[in-house]
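Enquirer: no sequence for this one, just the structure:
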């Protein structure tokens, strides 16, 4: 498995565990809030670079 696949599988596992232990809205806030907080923590130049890389991957 690639590194990204391992991260995705781990994220799904954590999401399922949170869904069982917490109300659905709390689990949803955590699942959506962590990536949003990580994106907002980036410098503006890092955000531009991330958007540029994402667009290139979508086109191909």
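Expert: Okay, I see it. A quick note: this is a predicted structure, and the numbers were derived from the prediction, not measured. Residues are numbered from 1 along each chain as shown.
Enquirer: Nearest residue to the middle of this protein?
Expert: Centre of the chain computed as the mean C-alpha position; nearest residue by CA atoms, centre = their mean is residue 35, 4.2 Å away.
Enquirer: what does the helix ranked longest in the chain contact?
Expert: Ranked by number of residues, the top helix in the chain under DSSP state H is helix 3-21. Where contact means CB atoms under 8 Å, 6 or more residues apart in numbering, the residues beyond helix 3-21 that reach it are 1, 26, 27, 30, 31. C-beta coordinates here come from the backbone N, C-alpha and C atoms, glycine included.
Enquirer: contacting residues for the first one?
Expert: Residue 1 is in contact with residue 9, counting by CB under 8 Å, 6+ apart.
Enquirer: And it, how far from residue 7?
Expert: As defined by CB to CB, to the nearest Å, residue 1 lies at a distance of 10 Å from residue 7.
Enquirer: Phi and psi next, for the residue nearest to the centre of the chain.
Expert: Backbone torsions for residue 35, taken as degrees, to the nearest 10, come to phi -60, psi -40.
Enquirer: what does residue 41 give?
Expert: Here the main-chain torsion angles of residue 41 (degrees, to the nearest 10) amount to phi -80, psi -10.
Enquirer: so what does whichever helix or strand residue 38 is part of touch, helix or strand wise?
Expert: With elements taken from DSSP states H and E, the one containing residue 38 is helix 24-40. Identification of packing neighbours for helix 24-40 by 3 or more CB pairs under 8 Å, 6 or more residues apart in numbering; DSSP states H and E yields helix 3-21.
Enquirer: okay, the angle between the helix it packs on and helix 24-40?
Expert: The directions of helix 3-21 and helix 24-40 differ by 150 degrees, with axes from the mean of the first three to the mean of the last three CA atoms, to 10 degrees as the criterion.
Enquirer: still on that earlier bit, could I have the PyMOL command that selects the buried members from the contacts of helix 3-21?
Expert: The buried residues among the contacts of helix 3-21 can be selected in PyMOL (16 or more other CB atoms under 10 Å) with this line:
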select buried, resi 27
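Enquirer: Now compare the contacts of helix 3-21 and name the two farthest from each other.
Expert: Maximum pairwise distance in the contacts of helix 3-21, criterion CB to CB, is 29.5 Å, between 1 and 26.
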